[in-house]
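> Okay, sequence plus prediction incoming.
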Amino acid sequence: MQDSRSSPTLTVSRPFSVLPTPRQSLLAQRHPGVRPPQDVRQTCVLMFVSAILFGGLAYLSWTMLSEGAPSVVVSDLWLLLVVASLVALGLAGLAMPVRRAGYVLWRASQFGSLVAFGTALFALFLAARLADTPLLLAGVVVALFAIIVNIALWSTNVRRWCDR
């Protein structure tokens, strides 16, 4: 006859035990299996489009620097280049957590959209100082999309979707 002892069980700890469980993670989906409302999906698309536009604004300031800008605005153009690039990366990076209803990252995307609006206003200010039409047009388009993203993040179904 055989001895019917069960084999000892090993308790294996998670390799990164300092990280929260996937259900409590910042990037975890808060409404699994539920399709986000149309406002949330449209806001996600708007954030991606705005990220592309801010990347275009950064590229425009880079071309102005390479063509030889007046020395009084070189530092301002560099500042616009860096901030527009960071805003583009931030908007693109925070679009999916909004779709997944991540509360903390939704608040971060609201802050990022305010920074995006400030960057658009700075681009308009710089275009007025330089009297540069392409920068003015890019600043107007970017400001329009920054306003739309701010409205979408602060006052639509996105708020109810991420607050739950």
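Good, I have the coordinates. In this text, all values refer to a predicted model and were calculated from it rather than measured experimentally. Residues are numbered from 1 along each chain as shown.
> can you give me the helices for this protein?
Taking DSSP state H, the helices of the chain run over residues 38-66, 74-93, 95-99, 103-130, 133-155, 157-163.
> Is it possible to get CSV of those helices that adds mean neighbour count?
C-beta here means a position set from N, CA and C on the backbone, and glycine is covered the same way. CSV is the format used below for these (neighbours: other CB atoms under 10 Å):
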stretch, mean neighbour count
helix 38-66, 18
helix 74-93, 18
helix 95-99, 20
helix 103-130, 18
helix 133-155, 18
helix 157-163, 17
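> Would you mind putting the ones you listed into a markdown table with mean pLDDT alongside?
A markdown table is the format used below for the helices of the chain (pLDDT from 0 to 100):
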| stretch | mean pLDDT |
| --- | --- |
| helix 38-66 | 91 |
| helix 74-93 | 93 |
| helix 95-99 | 76 |
| helix 103-130 | 90 |
| helix 133-155 | 92 |
| helix 157-163 | 77 |
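> separation between the residue positioned nearest the centre of the chain and Val73?
In the chain, the residue lying closest to the centroid (CA atoms, centre = their mean) is Leu91, at 2.0 Å. Relative to Val73, Leu91 is positioned 25 Å away (criterion: CB to CB, to the nearest Å).
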